[in-house]
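> this is the structure alone, sequence omitted:
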Ligand SMILES: Cc1cc2nc3c(=O)[nH]c(=O)nc-3n(C[C@H](O)[C@H](O)[C@H](O)COP(=O)(O)O)c2cc1C
């Protein structure tokens, strides 16, 4: 239980290179790209290159692809081998309308035969040394919970690892993840299982392990604006306690986030994208509303830094 691998979840719009690097500083074990369209990969490799690109320091690193056509998915996976990621993950859990209406993401849970064929063809298209993982939900809705059968089919088709986010597509993000589904799937399959959903503290990580006995934990929203969560979880699982984060560390982390972002993107893009990222650092803390206002009206990263410093020194204009 002490040395459980931790994954940063694929988070479209958030888990870019800068955030992944920051999480690596805080001891995350595995990183995954934001979801990348298989069609896009084949049609316009330059445009999607930014999503796929990673640095050696990010290893072990995986690229997540989505799509619905087994041949296209296999072609995209073959194209990805040029980037040499450590693993390829197939998205079968995304509930977003524009993905689902193309038969991709969690729509594949309604078509397990197609999902199986995707796994079989992708597996054939990548080197034997490259791990293939599949990420999915508990089912389409509460009347069609097929995660057990689906997981077994993915395993038989050639998946090396499975990740379960135990909510239905219909739930999107409402309600609670049902960690008992993770536990049941763990008992049914023989390949490693990553548990995902609602882990947002060291205590909840320990609780997921207790309930589900999964082989690894994947964390998404809980890490937004809180990349130190990975270190805290590791410490808690190993030693039974963890160091709380200090205000100085929060500031340092947010400033480093901006610095890292500037390594990969133009200033104006960073200013825009940091609006959503930085607000997470302040969530639930005094002055967060004022900080969000200021961040949303900042025109430069220098301004962002000033506002962050003022906020954490208590001078947040209230
Ligand atoms: C903003 C956002 C973007 C997401 N993007 C992806 C994605 O690209 N691929 C994917 O498989 N899941 C995506 N997810 C789902 C997460 O990976 C994860 O399964 C879900 O948030 C549950 O885990 P959590 O409770 O730890 O956040 C996204 C979730 C959020 C909130």
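Structure's in. What do you need? These numbers come from a predicted model, not from an experiment.

> need the contact list for the closest residue to residue 91 other than its chain neighbours.
Computed as Cβ to Cβ, 6 or more residues apart in numbering, the closest residue to residue 91 that is not its neighbour in sequence is residue 66, at 4.0 Å. (Each C-beta comes from the backbone N, C-alpha and C, glycine too.) Contact partners of residue 66, counting by Cβ atoms under 8 Å, 6 or more residues apart in numbering, are 35, 36, 37, 38, 90, 91, 94, 99, 104, 105.

> what sits against the fifth one?
Which is residue 90. Residue 90 is in contact with 64, 65, 66, 73, 118, 119, 122, 132, 133, 134, 135, counting by Cβ under 8 Å, 6+ apart.

> one step back: for the residue nearest to residue 91, give its distance to residue 161.
17 Å (Cβ to Cβ, to the nearest Å).

> same check on residue 178?
20 Å.

> now swap in residue 309 and tell me
Taking Cβ to Cβ, one finds residue 309 at 42 Å from residue 161.

> neighbour count for these two, which is higher?
residue 161 (23 against 13; other Cβ atoms under 10 Å).

> which residues sit in contact with the more buried one?
87, 131, 132, 133, 134, 191, 192, 193, 194 are the contacts of residue 161 under Cβ under 8 Å, 6+ apart.

> tell me the residue of the stretch 101-250 of the chain that sits nearest the ligand?
Nearest residue of the stretch 101-250 of the chain to the ligand (Cβ to the nearest ligand atom) works out as residue 220 at 2.8 Å.

> show me where the stretch 201-318 of the chain has strands.
216-219 (DSSP state E, counting those that start in this stretch).

> that one against the ligand: which residues are in contact?
The interface of the stretch 201-318 of the chain toward the ligand, taken as Cβ under 6 Å from any ligand atom, is made up of 219, 220, 221, 222.

> thought residue 243 was touching residue 232, still the case?
Yes: the criterion here is Cβ atoms under 8 Å, and residue 232 meets it with residue 243 at 7.2 Å.

> more neighbours, the two?
Using other Cβ under 10 Å, the more surrounded residue of residue 232 and residue 243 is residue 232, with 21 against 11.

> distance of the more buried one from residue 226?
From residue 232 to residue 226 the distance is 9 Å (Cβ to Cβ).

> between the two, which contacts overlap?
residue 245.

> so, low pLDDT: which residues of the protein?
1-2, 45, 315-318 (pLDDT under 70).

> can you give me the domain assignment for it?
6-239, 247-312 (automatic domain parsing).

> and these, which is most packed in?
Comparing the domains of the chain by mean neighbour count (mean count of other Cβ atoms under 10 Å), domain 6-239 ranks first with a mean of 20.

> end-to-end on that one?
Taking Cα to Cα, to the nearest Å, the first and last residues of domain 6-239 lie 17 Å apart.

> how about the secondary structure of the closest residue to residue 141 other than its chain neighbours?
Nearest residue to residue 141, sequence neighbours excluded (Cβ to Cβ, 6+ apart): residue 170, at 4.0 Å. Under DSSP: H, G, I helix; E, B strand; the rest coil, the three-state class of residue 170 is coil.

> so what's residue 170 up against?
Contacts of residue 170 (Cβ under 8 Å, 6+ apart): 140, 141, 142.

> try 10 Å this time
95, 106, 137, 139, 140, 141, 142, 143, 144 (Cβ atoms under 10 Å, 6 or more residues apart in numbering).

> I figured the first one hits residue 104, correct?
No: assessed by Cβ atoms under 10 Å, residue 95 is found out of contact with residue 104, at 11.1 Å.

> A strand includes residue 163, no?
Yes: residue state for residue 163 (three-state DSSP) corresponds to a strand.

> which helix runs longest in this structure?
Using DSSP state H, we find that the single longest helix of the chain is helix 247-264.

> name the helices or strands packed onto that helix?
helix 17-25, helix 267-282, helix 301-312 (3 or more Cβ pairs under 10 Å, 6 or more residues apart in numbering; DSSP states H and E).
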